[in-house]
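Novice: quick check, what structure comes out for this input:
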Amino acid sequence: MAKKKNNPAPASKKVVDSLRVVLADTYALMGQTHLCHWNVEGPSFFALHTAFEAQYTELFTAADEIAERIRALGAYSPGGLRSLADISGLNELGEEVNAEKMVASLVEDHTKLIKDAAKARDLAGEAKDNETEDLMIARIQVHEKTVWMLKSYLK
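Specialist: A predicted model of the protein is given here:
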């Protein structure tokens, strides 16, 4: 029986490795945002509950796109909550925190994701992988807008 090939081209290995981090960040952030959706309380409950739902739904779709891009590059996408958490390194938010702490934590998480996506974008550019570069540019735009909105809430 032939062994399955899971070796991306050498020029794209760094791209794949960076995409794996972005995927893990995205999945971890989706979980964090979903936790906030479930546990938010207070005068801003309705607005934040709705905003968090829109955000985690968008992140779920994004995770799928990123995982499929990794597959298109000839590699396997990571999975499993422990694996993704280890790859991402995002800090977990507790269950009983107030809305302001939730939002501030999500700002930090989106900011980390922006940095990791920018690294993936740059590596893709160096590898002349325009499709991955475009995907990361689009992801950065989404996260920058979300950071702006979340920071606006904190003012």
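Novice: SS state for the residue nearest to Gln32 when sequence neighbours are not counted?
Specialist: Spatially, and ignoring its direct neighbours in sequence, Gln32 is nearest to Leu93 (5.5 Å; CB to CB, 6 or more residues apart in numbering). Every C-beta, even on glycine, is put in place using the N, C-alpha and C of the backbone. For Leu93, the assignment made with DSSP: H, G, I helix; E, B strand; the rest coil gives coil.
Novice: just the helices in this structure please.
Specialist: When assigned using DSSP state H, the helices of the chain occupy the ranges 10-39, 45-72, 81-88, 99-126, 130-154.
Novice: give me whichever of those is most buried.
Specialist: When these are scored by mean count of other CB atoms under 10 Å, the highest mean neighbour count falls to helix 10-39 (a mean of 21).
Novice: rounded mean pLDDT for that one, please.
Specialist: For helix 10-39, mean pLDDT rounds to 93.
Novice: packing partners for that helix?
Specialist: Helix 10-39 sits against helix 45-72, helix 81-88, helix 99-126, helix 130-154, with contacts defined as 3 or more CB pairs under 8 Å, 6 or more residues apart in numbering; DSSP states H and E.
Novice: mind putting these into JSON lines with distance to Ser18 and mean pLDDT?
Specialist: Shown next, in JSON lines, are these (distance: least, CB to CB, whole Å; pLDDT from 0 to 100):
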{"stretch": "helix 45-72", "distance to Ser18": "10", "mean pLDDT": "97"}
{"stretch": "helix 81-88", "distance to Ser18": "11", "mean pLDDT": "90"}
{"stretch": "helix 99-126", "distance to Ser18": "4", "mean pLDDT": "97"}
{"stretch": "helix 130-154", "distance to Ser18": "9", "mean pLDDT": "98"}
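Novice: so who does His34 touch?
Specialist: Contact partners of His34, counting by CB atoms under 8 Å, 6 or more residues apart in numbering, are 52, 56.
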